[in-house]
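Peer 1: When you get a sec, could you give me coordinates for this:
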Amino acid sequence: MKHAYVVKVPRPHAKPYNPDRPITDLVRNQILHLSLAERHLPKHHRSGMDVYSIKTDVQASEYIRHVTSKLHEEGAKKPQVSKGARPEPPKLGKKRRSTNRRKKTQS
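Peer 2: Next comes the predicted model:
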């Protein structure tokens, strides 16, 4: 399958990269989200790492690489569907109207 639009991202210069730099809040949040996803993996696939001990970019990248590879490994196992059978579309709930509308009062 050929992608219609590919964004080319240049590699950062090697000189300014500092693997011992403290992680940003964005990376911290990504780690916390991955740790929640990691809890759903079988125990033998979990890293066992305390995510609150991650302080540097290199530690974060190692953890992210580990969990991402395990999540993709599990996601690669797709259910077998027989030929001609179509998977059921997801069931969507009915839209509800907001009940927070103010009622008009007569004066």
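Peer 1: Which neighbouring elements make contact with the top helix by length along the chain?
Peer 2: For the chain, the longest helix by residue count, based on DSSP state H, is helix 57-75. In this structure, helix 57-75 packs against helix 25-38, with contacts taken as 3 or more CB pairs under 8 Å, 6 or more residues apart in numbering; DSSP states H and E. C-beta coordinates here come from the backbone N, C-alpha and C atoms, glycine included.
Peer 1: Now the helix it packs on: buried residues?
Peer 2: Of all the residues in helix 25-38, those buried under the rule 16 or more other CB atoms under 10 Å are Val27, Arg28, Ile31, Leu34, Ser35, Glu38.
Peer 1: Specify the angle between it and helix 57-75 in degrees.
Peer 2: Counting by axes from the mean of the first three to the mean of the last three CA atoms, to 10 degrees, helix 25-38 points 30 degrees away from the direction of helix 57-75.
Peer 1: export helix 25-38 as CSV, just CAs?
Peer 2: Presented in CSV, the C-alpha positions along helix 25-38 are these (Å, rounded to 0.1, in the frame of the first residue of the first chain):
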residue,chain,number,x,y,z
ASP,A,25,6.3,17.0,30.7
LEU,A,26,5.1,15.8,27.3
VAL,A,27,7.5,12.8,27.5
ARG,A,28,6.4,12.2,31.1
ASN,A,29,2.8,12.1,30.1
GLN,A,30,3.6,9.7,27.2
ILE,A,31,5.4,7.4,29.7
LEU,A,32,2.4,7.4,32.0
HIS,A,33,0.0,6.6,29.2
LEU,A,34,2.2,3.8,28.0
SER,A,35,2.5,2.4,31.6
LEU,A,36,-1.3,2.1,31.7
ALA,A,37,-1.3,0.3,28.4
GLU,A,38,1.5,-2.0,29.6
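Peer 1: which other residues reach it?
Peer 2: Here helix 25-38 makes contact (CB atoms under 8 Å, 6 or more residues apart in numbering) with 23, 46-47, 51, 54, 57, 60, 63-64, 67-68, 70-71.
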